[in-house]
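Novice: Predicted coordinates and the sequence they were generated for:
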Protein chains: 6
Amino acid sequence: MVSTPVKASDPLPEGTREALRYASTATITTQLLSRGLRNQFMQGVRALNPAQVNMVGVAFTLRFIPAREDIDVLSVFQDYDHPQRKAVESVSPGEVLVIDSRGQQRAASLGHILATRLLHRGCAGVVTDGSVRDSDGFAVLEMPTFAMNPSANTNLIQHHAVDMQVPIGCGEVAVYPGDVLVGDSDGVVCIPRHLADEVAEAAATQEHLESFVLSRVESGHALRGTYPPDETTRAAYEAWAAENPWRWPIPGSTPS
Amino acid sequence: MVSTPVKASDPLPEGTREALRYASTATITTQLLSRGLRNQFMQGVRALNPAQVNMVGVAFTLRFIPAREDIDVLSVFQDYDHPQRKAVESVSPGEVLVIDSRGQQRAASLGHILATRLLHRGCAGVVTDGSVRDSDGFAVLEMPTFAMNPSANTNLIQHHAVDMQVPIGCGEVAVYPGDVLVGDSDGVVCIPRHLADEVAEAAATQEHLESFVLSRVESGHALRGTYPPDETTRAAYEAWAAENPWRWPIPGSTPS
Amino acid sequence: MVSTPVKASDPLPEGTREALRYASTATITTQLLSRGLRNQFMQGVRALNPAQVNMVGVAFTLRFIPAREDIDVLSVFQDYDHPQRKAVESVSPGEVLVIDSRGQQRAASLGHILATRLLHRGCAGVVTDGSVRDSDGFAVLEMPTFAMNPSANTNLIQHHAVDMQVPIGCGEVAVYPGDVLVGDSDGVVCIPRHLADEVAEAAATQEHLESFVLSRVESGHALRGTYPPDETTRAAYEAWAAENPWRWPIPGSTPS
Amino acid sequence: MVSTPVKASDPLPEGTREALRYASTATITTQLLSRGLRNQFMQGVRALNPAQVNMVGVAFTLRFIPAREDIDVLSVFQDYDHPQRKAVESVSPGEVLVIDSRGQQRAASLGHILATRLLHRGCAGVVTDGSVRDSDGFAVLEMPTFAMNPSANTNLIQHHAVDMQVPIGCGEVAVYPGDVLVGDSDGVVCIPRHLADEVAEAAATQEHLESFVLSRVESGHALRGTYPPDETTRAAYEAWAAENPWRWPIPGSTPS
Amino acid sequence: MVSTPVKASDPLPEGTREALRYASTATITTQLLSRGLRNQFMQGVRALNPAQVNMVGVAFTLRFIPAREDIDVLSVFQDYDHPQRKAVESVSPGEVLVIDSRGQQRAASLGHILATRLLHRGCAGVVTDGSVRDSDGFAVLEMPTFAMNPSANTNLIQHHAVDMQVPIGCGEVAVYPGDVLVGDSDGVVCIPRHLADEVAEAAATQEHLESFVLSRVESGHALRGTYPPDETTRAAYEAWAAENPWRWPIPGSTPS
Amino acid sequence: MVSTPVKASDPLPEGTREALRYASTATITTQLLSRGLRNQFMQGVRALNPAQVNMVGVAFTLRFIPAREDIDVLSVFQDYDHPQRKAVESVSPGEVLVIDSRGQQRAASLGHILATRLLHRGCAGVVTDGSVRDSDGFAVLEMPTFAMNPSANTNLIQHHAVDMQVPIGCGEVAVYPGDVLVGDSDGVVCIPRHLADEVAEAAATQEHLESFVLSRVESGHALRGTYPPDETTRAAYEAWAAENPWRWPIPGSTPS
């Protein structure tokens, strides 16, 4: 019942990562609901690059508090160990930088240069429940980033980076370092790390079934008997699935 | 002065439907304002598929109330007569499914499979003052859908479908079953059914005049005398209109 | 320390205009912060035409107050000297029409016909902390326009145009006639007129340096030593800059 | 697991009513949480008369949708069977009138004359997730009423009373006719009818224990061992409780 | 149909002032609705001194825009002609100072010293759709003041006083200099000046009738026949009214 | 320019504490503004007990993140070392417990039993940018407490206590352990610890002067020459101050 402590550097099993790449956030939230978790989908964040919406990675957290004018001055960035900069240089490949911006959007959580550095470090994505600046850069960045809105203001105007790799809130969802974040065009869901493997497997299985159900509905079947599938439909699915296993890539299907 | 009771299954005259397809929501709200109605444009909803923004149809309503954890469990969907599913299978061709989600966006009002079924039933569109899930599916669905935001959460997390074909609110606009809904890139307007024919005619006429006014402004005319048209401009319009009647398709004009 | 009074018709020096066209709003807000100004970026407005996001111009202001049903009737538009219409016909080439809509989005601040007229007058752009109608027209208009949301309702439903060329608020930023507005994909920043020249120069210089820093980060440099640049990086920049001055157009760079 | 259908006229057992009068909404929500219900406390409503905050009663529901100017005219009140008026004259003694105002506060859900009539009918209280008018009257009314804010506007300006005794939302909580509503200075909680008896008993028991715990803390005990009570404290409580049973009135205790 | 221009110094007829003192804002908004005005009640403001909620006066307006750090410095108050100070010293007896604070509550619109000065000048009250500071002073000030919330911050932190006696918005209601403002425990309503006399008379008459209706309901009459009054009730009222005219003071009635 | 690190247990000099007890939050924010700090007043919190609004103390911080259903279960309170409980038992006399509730008000940050324990520990007050439960208990508690709203829900429904004595945000103000919090009827201001002594002295001095200015205004003086005081008024103040020093208690003055 409790979340097993994980180190942020624990690798995510490749099978889990692959299954999550195949599953949508809608399917994952349903799997989490069936395990009693109703509040894992972040409110208000959206993908900034329409060509980079699919994200799977392990949470590396960064916490902001409100700025104070005498501390949060432009000269702090002369310090390469400033927490925001240090966080960027600490993210490992496959990790997602998740920033607690308290839902405040008046100033940017980060800009395009830092995001570019994260891309080079192999970062799997960025999520902030705040803003980003240089949004034209983010719109074409080859790494998924999720935020609320653009804001040109530098973070110092509203935010003070205070610590990293502590539990945080983002989009009013609890995020513990090591949790698994999945993003798509709906937004971002956070899977508690100890549930990641089983949810990934179950979600991919559900996704596979639903892709069959969808094809039935697309060909004109009514909901009754089809969605959810009754025994007949489920049998038809099993037959189809025997030929079309979900393991990526699915024939005739683009991994979401 | 009162709204004539209409049955949801009453067909909308084809001329009315055609005129409304030609008119923008901006023009329709002006016509409604001239009849004393100031609150027919829904706040906060937008088209999900940029290629499917133009919608005309008759309201079929579905009402949600807040969810309760002991009632709104995943197993309810095993019942093909669950109100949400029943509503989907009750919509007639040419109708728009309008969902009262109380402006709440934490969970989706519906997902892509149900929307696909609606498309197959000839549904003219979907409007919810809430969220949808599987938004990549909606982004390419060949049916206009309007919502506030994406949310991956299934509706059970926040909503309980309770009844259909009752008067509802959507986007803080009153919607009675049988009212006429028109959507475009600005959003969705609700025309009380008893006004639909006259508003359609007046809006199309105004639209035709404004397309002429716009062409004048595009060619450099000042507002004075042109917008609104004085007698001279109106005479020029009449001459042009004699050659270019508004009946769809207008020469040199794409129906909005 | 005080804002030098400027007349709205004062021309903006061409060098200033060119430098601002080269600088992003992110860079400009940083320059303003270094001069003690933390609240010059408008909250909540965004470009309506993705192909027309870059805007530089001098503020021409228009003020709205809430509408009253007995004054704000459709017939007021018969008066070509109605303040909204008069404002449109008073904007000079190179000016940006900035509308104080009190952040209210239920009705449109203006529509496509007036915007088209502004385009013909050489207007440099439109900003409103409210809505626009006919948003498909704005989506392709060859002039930058910034607003919060679309709304089909005509302005009379919520707004009353009351006066022009007075100091206003827009997006909770103070805008004085003659201030300089710059827009890009992040949104809109307002530069007090007396700071425009020095901020423009400093921002373009910073932008040039950051384009070099970005290229370093893109080629794999860590933040340490690079961002912000230490003496070594700065020397490398100086060498590069000697060959690649910022004056527009920069070789290998698209002006933002 | 499902809510047993109840008729709004079913009497609430007197023991249940008495126990609920003794229990605070804080205690009741904890009991509901232990049964898996996390969303039974209404957001944003507060008692209007500080001398009348304790309320227990059975839900009688009234539903509002947004107003429409041509239907919601002052003359509708000439009809004594208008749904709002009819609801007032249908409430039975011991019932609470719960109004779904969609959280909208621009116009009042009801005024002082109707509330006075409800008082005379033996109504146990009124709850609306909207406003009331004549708030000085409500401030001294001898019946608990809960609302968000005062608003002088008559309901017709924003609301249309449409039906009664249907499931509704209020303060983003599901309310079914027959559910049990309890109010105090924190606000209002809704207990599903089928849980009312057991929750009432458990809440009163917990309240009794916590009154003992509070007295310990008031006399200087540390939390450790006291809150929650360990075996020693619990034994002390049992001894005390043998002399001081919770059945109302508790010696030395004012029923909440 | 248009608002007759009035000078802020025009005296309000004493009979009108007396009638408005007798009428509630609820009754006045109903009278305004019957004349087609649905948006005259300010949203979100409340009386700060419970013993000083009844206000009648003529609008003297003051307009704020957002602050700018280089202009809005503490030294500006050295200038006794600063617009905020000048406005305070310009208000005439019987006028209400109405401040357009754009609904922004982070900084105070004014404090206790200025309010005390207004009291000494015979000011009839203060309304701001923002905050006040020194709220303990306002809580006992012998002049009605209406605001949203307390905020200790001086106005310079968010506001810049720019001009006075221009049309403004307050609580999203249009206020023209010379309009008549009435406050009570529900809040504040703005009566367009040209309607003040007729609305005052009609409201007092309605109030008188409703005081009779209320007494009937208090003595147990059902709504049917009583509220609204049918011919029998109206005849009873007429008989009562012949003995108890509304002219202040009404026997057995406290003027609201 | 930087905040000197302080230990939460550092005692606040008694003279500083006394001066702050004499000064209002309005005066303190003005002193902070004159030192360049514009964002030290917490947004949205208010005193719960009208007889206990004056608070001075040193910040002891507690941080909440969003709850997760599998971790935040009722049984966690069996652990007396649960962070919320541990924080309560760690607060030293003269400290204020400041809770970062992210501005979320659906569940209570704490209830009356914990607050009573804090009172017994000599705690100087409680501030949360969230809710409290058992608000009738807080309304009479003999310790200042500041919150946004009441909510009956236990904190587990929305909050997870994660750590203490770290920098936090509260009411969108940065609070570092050891900062000095001052509360009154306007709300709560946070003074950075290194500025506490000088701000206290300056604020008390300003307060003393303003009490003289207020007495002048109360006796009918116009603002000109009086507020702010010119040389003549200042001389009169100096004479009065020589007889009436600010050191508490001031003759004829109640310490705020």
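Specialist: Arrived safely, thanks for sending.

Novice: how many other residues sit next to the closest residue to A:Leu195 other than its chain neighbours?
Specialist: Closest residue in space to A:Leu195, ignoring its immediate chain neighbours: A:Arg35 at 6.5 Å, by Cβ to Cβ, 6 or more residues apart in numbering or on different chains. Just so you know, the C-beta spots here come from the backbone N, C-alpha and C atoms, and that holds for glycine as well. Other residues within reach of A:Arg35, judged by other Cβ atoms under 10 Å in any protein chain shown, total 16.

Novice: which residues does A:Arg35 contact?
Specialist: A:195, A:199, F:70 (Cβ atoms under 8 Å, 6 or more residues apart in numbering or on different chains).

Novice: Could you report the pLDDT at it?
Specialist: With respect to pLDDT, A:Arg35 has a value of 97.

Novice: Near A:Arg234, how many other residues are there?
Specialist: Residues near A:Arg234, counting by other Cβ under 10 Å, number 15.

Novice: what separates it from chain D, distance-wise?
Specialist: A:Arg234 sits 25 Å away from chain D, taking Cβ to the nearest Cβ, to the nearest Å as the criterion.

Novice: Got the phi and psi for that residue?
Specialist: For A:Arg234, the backbone dihedrals are phi -60, psi -40 (criterion: degrees, to the nearest 10).

Novice: distance of it from B:Ser75?
Specialist: Here A:Arg234 is placed at a distance of 16 Å from B:Ser75 (Cβ to Cβ, to the nearest Å).

Novice: again with A:Arg106
Specialist: For A:Arg106, the distance to B:Ser75 (Cβ to Cβ) stands at 44 Å.

Novice: Which of the two has more residues huddled nearby?
Specialist: Set side by side, A:Arg106 and B:Ser75 show more neighbours around A:Arg106, with 19 against 9, by other Cβ under 10 Å.

Novice: right, and that one touches C:Gln43 too?
Specialist: Yes: because the distance of 6.3 Å satisfies Cβ atoms under 8 Å, A:Arg106 is recorded as touching C:Gln43.

Novice: Now for these two: what residues contact both?
Specialist: With contacts taken as Cβ under 8 Å, 6+ apart, A:Arg106 and C:Gln43 have A:Ser151 as neighbours in common.

Novice: Just the closest residue of the stretch 51-200 of chain A to chain D, please.
Specialist: Of the residues in the stretch 51-200 of chain A, the one nearest chain D is A:Glu172, at a distance of 14.2 Å by Cβ to the nearest Cβ.

Novice: Report pLDDT for that residue.
Specialist: The model reports A:Glu172 with a pLDDT of 98.

Novice: my read: it touches A:Asn39, true?
Specialist: Yes: at 7.4 Å, A:Glu172 counts as touching A:Asn39 under the criterion of Cβ under 8 Å.

Novice: list residues touching both of these two?
Specialist: The contact sets of A:Glu172 and A:Asn39 overlap at F:Pro66 (Cβ under 8 Å, 6+ apart).

Novice: Looking at the two, which one has more neighbours?
Specialist: In this view A:Glu172 and A:Asn39 are compared by other Cβ under 10 Å, and A:Asn39 has more residues nearby, 23 against 20.

Novice: On the three-state scheme, A:Ala59 is what?
Specialist: Here A:Ala59 takes the strand state, with states given by DSSP: H, G, I helix; E, B strand; the rest coil.

Novice: sorry, that was for A:Asp197
Specialist: helix.

Novice: gap between it and A:Val166?
Specialist: A:Asp197 sits at a distance of 24 Å from A:Val166 (criterion: Cβ to Cβ).

Novice: now do A:Gln43
Specialist: Between A:Gln43 and A:Val166 the computed distance is 21 Å (Cβ to Cβ).

Novice: Show me which residues of chain A are close to chain D?
Specialist: By Cβ under 8 Å from any Cβ of the partner chain, no residue of chain A approaches chain D.

Novice: shaky segments in chain A?
Specialist: Judged against pLDDT under 70, the low-scoring parts of chain A cover residues A:1-9, A:247-256.

Novice: tell me the strands in it, going along the chain?
Specialist: Ranges of strands within chain A are A:46-47, A:55-66, A:95-100, A:108-110, A:125-128, A:131-132, A:145-147, A:149-150, A:159-164, A:168-170, A:173-175, A:180-184, A:187-191, based on DSSP state E.

Novice: Could you list every helix and strand that the fourth one packs against?
Specialist: Right, strand A:108-110. With contacts defined as 3 or more Cβ pairs under 8 Å, 6 or more residues apart in numbering or on different chains; DSSP states H and E, strand A:108-110 has these neighbours: strand A:125-128, strand A:131-132.

Novice: run the last query once more with 10 Å
Specialist: Counting contacts by 3 or more Cβ pairs under 10 Å, 6 or more residues apart in numbering or on different chains; DSSP states H and E, strand A:108-110 packs against strand A:55-66, helix A:83-88, strand A:95-100, helix A:112-120, strand A:125-128, strand A:131-132, strand A:145-147, strand A:159-164.

Novice: Closest residue of the stretch 1-150 of chain A to chain E?
Specialist: Taking Cβ to the nearest Cβ, the stretch 1-150 of chain A has A:Glu69 as its residue nearest chain E, at 10.2 Å.

Novice: I should have written the stretch 151-256 of chain A there, sorry.
Specialist: A:Ile157 (11.7 Å).

Novice: For burial, what's the neighbour tally of A:Gly169?
Specialist: When neighbours are defined as other Cβ under 10 Å, A:Gly169 has 28 of them.

Novice: Point out the residues in the stretch 1-150 of chain A that sit beside chain F.
Specialist: With the criterion set to Cβ under 10 Å from any Cβ of the partner chain, the stretch 1-150 of chain A comes near chain F through A:1-3, A:32, A:35-40, A:63-73, A:75-76, A:100, A:102-104, A:106.

Novice: change it to 6 Å
Specialist: Where the stretch 1-150 of chain A comes near chain F, counting by Cβ under 6 Å from any Cβ of the partner chain, the residues are A:1, A:3, A:36-37, A:65-66, A:68-71.

Novice: Restricted to buried residues, select the residues you listed in PyMOL.
Specialist: In PyMOL, the members of those classed as buried (16 or more other Cβ atoms under 10 Å in any protein chain shown) are selected with the following command:
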select buried, chain A and resi 3+37+65+66+68+69+71
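
Novice: for the residues of the stretch 1-150 of chain A next to chain F, which one is nearest D:Gly111?
Specialist: A:Pro66 (42.4 Å; Cβ to Cβ).

Novice: isn't the closest one right next to F:Ala174, touching?
Specialist: Yes: under the contact definition of Cβ atoms under 6 Å, A:Pro66 touches F:Ala174, with a separation of 4.5 Å.

Novice: tell me the contacts of the residue of the stretch 1-150 of chain A closest to chain E?
Specialist: Taking Cβ atoms under 6 Å, 6 or more residues apart in numbering or on different chains, we find A:Glu69 in contact with F:36-37.

Novice: just the one 3 residues further on next, same as before
Specialist: In this structure, A:Asp72 makes contact with A:156, A:160, judged by Cβ under 6 Å, 6+ apart.

Novice: Can you pull the phi and psi angles for it?
Specialist: Per-residue torsions, A:Asp72: phi -100, psi 70 (degrees, to the nearest 10).

Novice: Quick check: the residue of the stretch 51-200 of chain A closest to chain D vs B:Ala147, distance?
Specialist: Using Cβ to Cβ, which is the criterion applied here, A:Glu172 is 20 Å from B:Ala147.

Novice: again with A:Ala108
Specialist: 27 Å.

Novice: Which one's more surrounded, the two?
Specialist: Legend: neighbour count by other Cβ under 10 Å for A:Ala108 and B:Ala147, higher for A:Ala108 (32 against 27).

Novice: you'd agree that one is up against A:Asp134?
Specialist: No: counting by Cβ under 6 Å, A:Asp134 is not a contact partner of A:Ala108; they are 8.1 Å apart.
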